[in-house]
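> 3D, please:
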Amino acid sequence: MPYYDYHCENCGTIQTVKRTIKEIEENTPVPCNYCDSTNTKRYYKPVAITTTSHSNSYTENVQCCHHCNCYEE
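I've put the predicted structure just below:
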């Protein structure tokens, strides 16, 4: 089973949870381990993208998360 990160909208903590694909597809609530709230959302971590060409190397940190609305949840 894959692991997913969830952000609690009540207390602000981020937790990693093992979930089945079925749970993800059905969008079953994930309770917060710290405050027991079910007001949690999937959290997407920033990623680093590195490309190389014949003479140059380029690294960019992409700050993508649910706050930027660049994708649909």
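
> flag the shaky bits of this structure, pLDDT-wise.
Low-confidence segments of the chain (pLDDT under 70): 52-73.

> how about the helices of it, start to end?
Counting by DSSP state H, the chain has helices at residues 21-26.

> show me where it has strands.
Applying DSSP state E to the chain gives strands spanning 3-8, 14-18, 40-42, 47-52, 57-62.

> elements contacting the third one?
In terms of contacts (3 or more C-beta pairs under 8 Å, 6 or more residues apart in numbering; DSSP states H and E), strand 40-42 is packed against strand 3-8. The way it works is simple: take the backbone N, C-alpha and C, and place the C-beta from them, glycine included.

> got a list of contacts for the strand it packs on?
Here strand 3-8 makes contact (C-beta atoms under 8 Å, 6 or more residues apart in numbering) with 13-19, 24, 30, 32, 34-35, 37, 39-45, 66.

> no further questions, thank you.
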